[in-house]
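> Got a predicted structure here, sequence first:
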Amino acid sequence: MTLTGQMLIGQHPLRGSGTAFRAINPATDTPLEPAYAGGDAAHVEQACALAWAAFDTYRETSLMARAAFLEAIAEQIEALGDVLIERAAAETGLPRPRLQGERGRTCAQLRTFARTVRAGEWLDVRVDSAQPEREPLPRPDLRQRHIALGPVAVFGASNFPLAFSVAGGDTASALAAGCPVIVKAHNAHPGTSELVGRAIARAVAACSLPEGVFSLLYDSGYDLGIALVGDSRIKAVGFTGSRSGGMALCRAAQARPEPIPVYAEMSSINPVYLFPAALAARGDALAQGFVASLTQGAGQFCTNPGLVVAIQGPALQRFVQVASDSLQHCAAQTMLSPGIFQAYQRGASALADHAEVAATGKAAQGPNQGQARLCVTQADAFLANPALQAEVFGATSLVIACTDSAQVRQVSEHLEGQLTATLHLDEADLADARSVLPLLERRAGRLLVNGWPTGVEVCDAMVHGGPFPATSDSRTTSVGTAAIQRFLRPVCYQDFPDALLPAALRHDNPLLLRRLLDGQREA
Ligand code: NAP
């Protein structure tokens, strides 16, 4: 399959007019063909006009038809075969097995949303039947369902070129909700984006859907992305990436005459708490598990354990020693792009300016290879210096030594919002854990016991979200089936004749939905 360097506006491949750019193979620091070029205002206009024209038809597709479309996308991605894996490996430096796993996750995610769509629970149908005899006033017939928000702009991340990119969780959940999607491709993996974008476009055609259901745009700078967010026909934004990028899109969305929600997943350092009994009983194993989690995938996970919190003493010293010994043997790993590598170098050395470096991994053997690093500081220093809380995207972590459990709580209270917080504990630690738990519930979207935060299951109960700056909206998740709720809004129909009601709300319940009927959930 030959890459063309073209955008996709509906079914139409089109070359952008902006400055040409190429993906860089981070393992060799060499550019990859073909050249891509960003679109301009006219391309944004065309894509948004098509998406708007498709919206009313697409949002009323039957549950079966929409689910079949999501499954068709998964099939089209799988049909790309090895070409997709080869290109993604060249553009990201990620190992092939990791990318094969990520493709599996991406397709499984699409199929999970297909099941969710079919089940129809997301419509959240509520019926309050008319009570004409009620005194002092009669009650009208009231029926609620959820409908799609409108066309959604999606900005994918560099660290998951498949699962958080063109056909990733934001796109899958927006399409599942009934929203047309316009993706602004990530410039670090334009070829991977083109392949997946064309797979989605093929699924649109195969399912006889309006072409505006999906478009893929490139940007030579940031102008097109900002213009896309500013277009009045875009009704929500999904974003994964840096805090600065997410905040730029939030500002653009808020500055519109009609502000819209931006669901941005941005920055998290994912504190790991080592409670005293667990640390004393199995500190060595915890140190090994920690280093494995920290260095996995060159540490390029939003759930990477960037902070360890524990009470100072011999058990913590031993933990740092064992972790340092293990970390010193970790090879430097190719990072996703020269930009991510340079940001890592800057972040890791800024951290080293303020904290003691306990260990570094093996030196780089090639371009863009990030060297793992473990730093240590006292809680007082952490509390006094905001620089120690900055996310270092890569395999660097900071251990905070606290004087006692009161200081552990003080550190917890001081933390910014997080995607995750992890508690390593034994039976004897339960009282201490209980005392910090209310603070962590306020700080994080997912709390884990005796595990590691890297690895995010796609399922119904998952929360991949959290208070700012982990995300721009802590009420939602960007992973798991609940992600669909970001792109829906409720509409109530009062005293509608049955013939005018949408199928989901009709009296005979033709979609067999489990409605909330007069206060009772139907079986
Ligand atoms: P990024 O630089 O924020 O880019 C994400 C997407 O947003 C890209 O399409 C990018 O365009 C666009 N963008 C960025 N800044 C923008 C702006 N000011 N205006 C308009 N569009 C903008 O994220 P990244 O490349 O994936 O990673 C960079 C950093 O993000 C990492 O070093 C790390 O700190 C953080 N990160 C966090 C997570 C997380 O989940 N928390 C995940 C990945 C990365 P271009 O393609 O043109 O650059």
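Cool, the structure landed.

> How much space separates the closest residue to the ligand within the stretch 1-150 of the chain from Arg87?
Closest to the ligand within the stretch 1-150 of the chain is Gly38: 8.1 Å, counting by CB to the nearest ligand atom. (Glycine included, C-beta is placed from N, CA and C.) Gly38 sits at a distance of 20 Å from Arg87 (criterion: CB to CB, to the nearest Å).

> what does Phe21 give?
16 Å.

> Need the residues that contact the helix or strand that contains Arg489.
Assigned by DSSP states H and E, Arg489 falls within strand 488-494. For strand 488-494, contacts defined as CB atoms under 8 Å, 6 or more residues apart in numbering pick out 122, 124, 140-149, 177, 501-502, 505.

> And for stretch 115-131?
So stretch 115-131 is in contact with 63-64, 66-67, 70, 138-146, 176-177, 481, 484-485, 488, 490, 495, 504-505, 511, 513-519, going by CB under 8 Å, 6+ apart.

> Just the endpoints, please. Distance across that stretch?
36 Å (CA to CA, to the nearest Å).

> still on that earlier bit, and the two most separated of the contacts of strand 488-494?
Pro140 and Ala177 (27.8 Å; CB to CB).

> higher neighbour count, the two?
Higher neighbour count among Pro140 and Ala177: Ala177, with 26 against 13, using other CB atoms under 10 Å.

> what residues are up against the nearest residue to that one once chain neighbours are set aside?
Closest residue in space to Ala177, ignoring its immediate chain neighbours: Phe487 at 3.8 Å, by CB to CB, 6 or more residues apart in numbering. Going by CB under 8 Å, 6+ apart, Phe487 touches 148-149, 152, 173-174, 177-179, 236.

> Verify the stated contact: Thr19 with Ala37.
Yes - in this structure Thr19 lies within contact range of Ala37 using CB atoms under 8 Å: 6.8 Å.

> more crowded one of the two?
Ala37 (20 against 11).

> List the contacts of that one.
Ala37 makes contact with 5, 15-21, 218, 220 under the criterion CB under 8 Å, 6+ apart.

> Weed out the non-buried ones from these.
Buried residues within the contacts of Ala37, counting neighbours by 16 or more other CB atoms under 10 Å: 5, 15-16, 18, 21, 218, 220.

> Arg475: which of these is nearest?
Of these, the one sitting nearest to Arg475 (CB to CB) turns out to be Tyr218, at 31.7 Å.

> So for the closest one, what's the pLDDT?
Tyr218 is assigned a predicted lDDT (pLDDT) of 98.

> my read: it touches Asn187, true?
Yes - at 7.4 Å, Tyr218 counts as touching Asn187 under the criterion of CB under 8 Å.

> so of the buried ones among the contacts of Ala37, which ones are in strands?
Phe21 (DSSP state E).

> list residues touching both of Tyr218 and Asn187?
If you check Tyr218 and Asn187 against CB under 8 Å, 6+ apart, the residues they both contact are Tyr36.

> This structure: helices as residue ranges?
41-59, 63-79, 82-92, 96-119, 169-177, 190-206, 223-230, 243-254, 276-295, 314-328, 338-354, 379-384, 405-414, 430-443 (DSSP state H).

> List the residues that contact the nearest residue to Pro95 once chain neighbours are set aside.
Leaving aside its sequence neighbours, Pro95 sits nearest to Ala89 (CB to CB, 6+ apart; 7.2 Å). By CB under 8 Å, 6+ apart, Ala89 lies in contact with 95-96, 99.

> Just the buried ones from the residues you listed, in PyMOL syntax?
Under the burial definition 16+ other CB under 10 Å, those of those that qualify are selected in PyMOL by:
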select buried, resi 99
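
> Ala504 touches Leu511, doesn't it?
Yes - with contact defined as CB under 8 Å, Ala504 reaches Leu511; the gap is 5.5 Å.

> Please identify which of these two sits among more neighbours.
More neighbours surround Ala504 than the other of Ala504 and Leu511, with 20 against 17 (other CB under 10 Å).

> residues contacting that one?
120, 123, 125, 145, 511, 513.

> one more time with 7 Å, if that's ok
123, 125, 145, 511, 513 (CB atoms under 7 Å, 6 or more residues apart in numbering).

> first vs last residue of stretch 150-162, how far apart are they?
24 Å.

> Check the offset of that stretch from the chain's centre.
8 Å (CA atoms, centre = their mean, to the nearest Å).

> Who are the contact partners of Leu439?
409, 412-413.

> restrict these to those near the ligand?
Among those, no residue is within reach of the ligand (CB under 6 Å from any ligand atom).

> Which positions in the stretch 351-500 of the chain make contact with the ligand?
Counting by CB under 6 Å from any ligand atom, the stretch 351-500 of the chain sits next to the ligand at 391, 393.

> can you give me the strands in the stretch 351-500 of the chain?
Under the criterion DSSP state E, counting those that start in this stretch, the stretch 351-500 of the chain contains strands at 356-360, 369-370, 373-378, 396-402, 418-424, 444-449, 488-494.
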